[in-house]
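Peer 1: Okay, structure incoming, though there's no sequence with it:
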């Protein structure tokens, strides 16, 4: 069985290419922060995803990058990191402030002073702008009061938008895992099992197949019935599923830092005509968007295709957002294919189509699949829905 990985040389190339972007944008130092909500940017350069802590990468334009680990994870970080220099910092450690007796731990302020003594720093880029901690930022300000501070988030995502062949192989493996997982888990759903039972089947099977975890963004969600399914995001419960009601399976798998996702509506027993009609329209809406996806496709035009299709079929009012978003080291990552800001689709992007119908008389559901944009159009990575929806809701 094939289990692809990202080679060391690709991590080295990422640092080199990012430094080129730093130079082009006159940025002398970048501080990248990642936590359990978004571990992606630190992992992109180091291959380290923190376990119970946060992490950072400090990357000077001149000089080598430094991976910044918390105390509990420092052995894991040194074992895993493709960045050779790993240092230990309480500021990215456990939030309880556990006091470790480690001789080589240091403070971010001391690291910034060390860098200041070696390099001329006039401009500092921040990555992780929605999660960047005040504790680290105030030390940047103290050490570099005159330096310009700006977001470097866009520069990282400019590198991440188009996937390499190695990244595509990992996304396809994640897609293979989540497809097989859905085939297994859906076959085991019967009246009386709980939402948590179904979650256990999904998580257990994806791990058996080689996933490292569920996708970076959300744990498997299986809201059932009108009340639970109308919660856009949810935690699963001990509610037992019943025949004839909507069961909304939503899950993704994480493989070597890369995600693939599937969402599928499931109904046990006889399916009512109103549920059947809504699922058919949603699936056809996905296909309408997919037919227009190719390098050069415009986000505004893709939204118009989607919205016009829903409006024509009377479902526009049930859809709260557009259907196209990027995917990779997060299940949903920039750039989002906005209805108002022009985003151009590029070859080797990873894309999810997320058709979400909300607040129908009987509940809500999603249909979602993962695609790779190739030169001649989209390649479907997750093929569970293609067979399941076509056969079950015909």
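Peer 2: That came in fine, so what should we check first? Keep in mind the model is a prediction, meaning the values are calculated, not measured.

Peer 1: beta partners for residue 365?
Peer 2: Partner residues in beta bridges with residue 365, using DSSP bridges, are residue 357.

Peer 1: surely it meets residue 250?
Peer 2: No. Between residue 365 and residue 250 there is no contact under Cβ atoms under 8 Å: 9.0 Å. The C-beta positions use only the backbone N, C-alpha and C, and glycine is treated the same way.

Peer 1: Is there a neighbour count for the closest residue to residue 349 other than its chain neighbours? I'd like the number.
Peer 2: Leaving aside its sequence neighbours, residue 349 sits nearest to residue 373 (Cβ to Cβ, 6 or more residues apart in numbering; 4.6 Å). For residue 373, the neighbour count with other Cβ atoms under 10 Å is 22.

Peer 1: So for the helix or strand encompassing residue 373, what gets flagged as buried?
Peer 2: Here residue 373 sits within strand 363-374, counting by DSSP states H and E. Buried residues in strand 363-374, counted by 16 or more other Cβ atoms under 10 Å: 363-373.

Peer 1: Check which helices and strands that strand is in contact with.
Peer 2: Using 3 or more Cβ pairs under 8 Å, 6 or more residues apart in numbering; DSSP states H and E, the elements in contact with strand 363-374 are helix 165-187, helix 225-229, strand 247-255, strand 258-266, helix 273-290, strand 350-360, strand 377-380, helix 384-392.

Peer 1: tell me how far it is from the chain's mean position?
Peer 2: Its chain's C-alpha centre and that of strand 363-374 lie 14 Å apart, by Cα atoms, centre = their mean, to the nearest Å.

Peer 1: got the angle between it and helix 273-290?
Peer 2: Relative orientation of strand 363-374 versus helix 273-290 (axes from the mean of the first three to the mean of the last three Cα atoms, to 10 degrees): 20 degrees.

Peer 1: And residue 380, how far from residue 66?
Peer 2: Separation of residue 380 from residue 66 (Cβ to Cβ, to the nearest Å) stands at 41 Å.

Peer 1: Which of these two has more residues huddled nearby?
Peer 2: residue 66 (20 against 15).

Peer 1: doesn't residue 77 fall inside a helix?
Peer 2: Yes. Under DSSP: H, G, I helix; E, B strand; the rest coil, residue 77 falls within a helix.

Peer 1: wait, it sits on residue 69?
Peer 2: Yes. Using Cβ under 8 Å, residue 77 is in contact with residue 69, at 3.7 Å.

Peer 1: Now do the same contact list for the residue nearest to residue 349.
Peer 2: By Cβ atoms under 8 Å, 6 or more residues apart in numbering, the contact list for residue 373 reads 293-295, 345-351, 379.

Peer 1: cool, and residue 60?
Peer 2: Shown in contact with residue 60 (Cβ under 8 Å, 6+ apart): 28-29, 115, 118-119, 121.

Peer 1: for it, which residues make a bridge with it?
Peer 2: Beta-bridge partners for residue 60, by DSSP bridges, are residue 29.

Peer 1: Could I get the pLDDT score of it?
Peer 2: At residue 60, the pLDDT value in this model is 98.

Peer 1: Can you pull the phi/psi pair for the most centrally placed residue in the chain?
Peer 2: The centre of the chain sits closest to residue 330, judged by Cα atoms, centre = their mean, with a distance of 1.4 Å. Note on residue 330: backbone dihedrals following degrees, to the nearest 10 are phi -120, psi 150.

Peer 1: I'd say it and residue 217 touch.
Peer 2: Yes. With contact defined as Cβ under 8 Å, residue 330 reaches residue 217; the gap is 5.9 Å.

Peer 1: Let me see the contact set for the residue nearest to the centre of the chain.
Peer 2: 38, 40, 216-217, 259.

Peer 1: Make TSV out of the residues you listed and add secondary structure and neighbour count.
Peer 2: Shown next, in TSV, are these (DSSP: H, G, I helix; E, B strand; the rest coil; neighbours: other Cβ atoms under 10 Å):
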residue	secondary structure	neighbour count
38	coil	19
40	helix	23
216	coil	23
217	coil	17
259	strand	30
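
Peer 1: one step back: pull up the overlap in contacts between residue 77 and residue 69.
Peer 2: Contact with both residue 77 and residue 69 is made by residues 48, 50, 55, 86, according to Cβ under 8 Å, 6+ apart.
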